[in-house]
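Peer 1: Predicted model and sequence below, questions to follow.
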Amino acid sequence: MDKEISFSKSVEESIKTKYCESIWKPFLKAINDYELINSGDCVAVCISGGKDSMLMAKLVELYKREINNEFDVVYLVMDPGYNKANRNKIEENAKLLEIPITVFESDIFEIAESTEKSPCYLCARMRRGHLYAKAKELGCNKIALGHHLSDAIETTVLSMFYASQIQGMLPKLHSTNFEGMELIRPLYCINEEDIISWCKTNSLEFIQCACRFTENTVTDEDGVSTSKRQEVKQLISELKAEIPDIEKSIFESINNLDLDTMVEYKKGNKVYNRYGKI
């Protein structure tokens with residue numbers, strides 16, 4: 001036990017020292033700038049078992065212990081049908097990092113696997129719904145997901161390339177199906193490269209993809225996938241070699257949208273056209 005406690009403390013120390021500028025301060029910036037966690041909140045930190053959600057859990061735990069103790073937190077793990085190895089890995093990492101997880105089970109993988117049309121879309125929708133429902137049952141008013149800065153950037157590029165629209169990923173949004181519930185993204189200002197570096201520095205290994213449809217094809221973090229998101233990730237990486245600040249530029253462009261230069265834009269269910277045409 002002493003060894004595990006010592007390891008957990010060393011991981012915390014790395015966050016506050018070596019990764020203070022790239023992880024800890026950007027985390028605090030997101031929390032403060034977007035008012036993600038307030039006094040009186042009860043936050044369900046949703047842990048999938050991957051590097052992002054595990055780091056998020058550790059950051060929230062540190063934040064609660066050292067900066068703001070005026071909110072409650074549940075470290076929530078949903079088992080949608082993991083194989084035994086993945087389930088064990090999640091539990092082992094939670095113990096190693098001293099994260100007191102609450103696990104509940106569902107049959108999402110089994111249901112998604114039985115459909116021939118868009119199983120990944122169905123799985124994602126069901127996972128989000130189950131997390132909201134369980135969090136609300138436990139008295140939470142917020143769920144925290146591990147989407148980071150790179151996810152936000154890739155979402156914008158994906159929407160332009162494949163959906164013919166400019167769309168961002170919000171750091172906070174209200175649920176339309178679960179009254180009083182809100183989704184927050186505490187890693188919103190943290191680059192994925194820094195998360196990977198933090199993992200390597202601490203020799204941490206997390207599950208990468210537990211989905212039955214992809215677990216046999218996904219390689220390591222530097223591997224190649226056929227998914228559109230992986231293609232965009234690779235494209236941005238290649239462009240970064242020539243334009244070092246490209247990620248910063250894309251991210252800031254989302255926050256500096258000039259509607260006066262847009263021919264048409266949407267707000268809610270309404271479409272606004274500069275020339276009065278709809």
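Peer 2: Here it is on my side, so go on.
Peer 1: got the end-to-end distance for stretch 180-193?
Peer 2: 34 Å (CA to CA, to the nearest Å).
Peer 1: typo on my end, stretch 253-271
Peer 2: End to end - CA to CA - stretch 253-271 spans 21 Å.
Peer 1: List the buried residues of it.
Peer 2: residue 254 (16 or more other CB atoms under 10 Å). All C-beta spots, glycine's among them, are computed from the backbone N, C-alpha and C.
Peer 1: repeat for stretch 149-161
Peer 2: 149, 150, 151, 152, 153, 154, 155, 156, 157, 158.
Peer 1: wait, which of the residues you listed is closest to residue 258?
Peer 2: The nearest member of the buried residues of stretch 149-161 to residue 258, counting by CB to CB, is residue 156 at 15.4 Å.
Peer 1: helix/strand/coil for the closest one?
Peer 2: At residue 156, secondary structure determined by DSSP: H, G, I helix; E, B strand; the rest coil is helix.
Peer 1: That one and residue 167 touch, don't they?
Peer 2: Yes: taking CB atoms under 8 Å as the definition, residue 156 is a contact partner of residue 167 at 6.5 Å.
Peer 1: neighbours around residue 100, how many?
Peer 2: 11 (other CB atoms under 10 Å).
Peer 1: so what's the residue lying closest to it once chain neighbours are set aside up against?
Peer 2: Leaving aside its chain neighbours, residue 100 sits nearest to residue 75 (6.0 Å; criterion: CB to CB, 6 or more residues apart in numbering). Shown in contact with residue 75 (CB atoms under 8 Å, 6 or more residues apart in numbering): 45, 47, 57, 61, 94, 99, 100, 101, 102.
Peer 1: Enumerate the positions of stretch 10-28 that are buried.
Peer 2: So stretch 10-28, judged by 16+ other CB under 10 Å, has buried residues 11, 12, 14, 15, 19, 22, 23, 24, 26, 27, 28.
Peer 1: Let's have those residues in CSV, adding secondary structure and pLDDT.
Peer 2: Below are the buried residues of stretch 10-28 laid out as CSV (DSSP: H, G, I helix; E, B strand; the rest coil; pLDDT from 0 to 100):
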residue, secondary structure, pLDDT
11, helix, 96
12, helix, 95
14, helix, 97
15, helix, 97
19, coil, 98
22, helix, 98
23, helix, 98
24, helix, 98
26, helix, 98
27, helix, 98
28, helix, 98
